[in-house]
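Chemist: What would the 3D arrangement of this be:
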Amino acid sequence: MSDWHFITNHGAVLVLIAQRRQITAREIAVCLGLTERPVRRIIAELEAAGYLHKQRVGRGNQYEVALDLPLRQSVHREVLIGDLLQIFQH
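Modeler: A predicted model of the protein is given here:
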C-alpha cells in the first residue's frame with residue numbers, strides 16, 4: 001500500500017508554524033520526516049504566495065500566518081486559512 005497523507009507538506013508546515021511562530025526549519029523537518037531543503041522551499045513558497053510573513057528576531061525567524069486568506073483550491077475558496085488552522089489547535 002502506498003504511503004499517503006490527508007494533509008500536504010505545505011499544509012503540515014503551515015500548521016506547525018501557526019502552532020509555534022518561532023519554530024525552525026530543522027525542527028519542522030524533524031517533525032515531518034523531511035530534510036531542511038524542502039522545508040525551506042515550502043516556507044519560501046508560502047511566503048511568496050502571501051500565506052506567511054517572516055521577520056528576523058535575533059538569530060532566528062518569527063512567522064505570522066495570514067489567517068484571512070482563502071485556501072488555494074478553487075472548490076474551497078470560501079474557506080479561510082484561519083478557519084482551517086482552528087481544526088489543528090490543541
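
Chemist: most centrally placed residue in this structure?
Modeler: In the chain, the residue lying closest to the centroid (CA atoms, centre = their mean) is Leu14, at 1.3 Å.

Chemist: residue contacts, that residue?
Modeler: Neighbour list for Leu14: 46, 51-52, 65, 81, 85 [criterion: CB atoms under 8 Å, 6 or more residues apart in numbering]. Backbone N, C-alpha and C define where each C-beta goes, glycine included.

Chemist: So which of those belong to strands?
Modeler: Among the contacts of Leu14, the ones falling in strands (DSSP state E) are 52, 65.

Chemist: Any chance of JSON lines for the contacts of Leu14, columns pLDDT?
Modeler: Output for the contacts of Leu14, formatted as JSON lines (pLDDT from 0 to 100):
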{"residue": "Leu46", "pLDDT": "97"}
{"residue": "Tyr51", "pLDDT": "95"}
{"residue": "Leu52", "pLDDT": "96"}
{"residue": "Val65", "pLDDT": "95"}
{"residue": "Ile81", "pLDDT": "88"}
{"residue": "Leu85", "pLDDT": "89"}
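
Chemist: sorry, back to before: the residue nearest to the centre of the chain: helix or strand, and which one exactly?
Modeler: helix 9-19 (DSSP states H and E).

Chemist: Would you map the helices across this protein?
Modeler: Assigned by DSSP state H, the helices in the chain fall at 9-19, 25-32, 36-48, 81-86.
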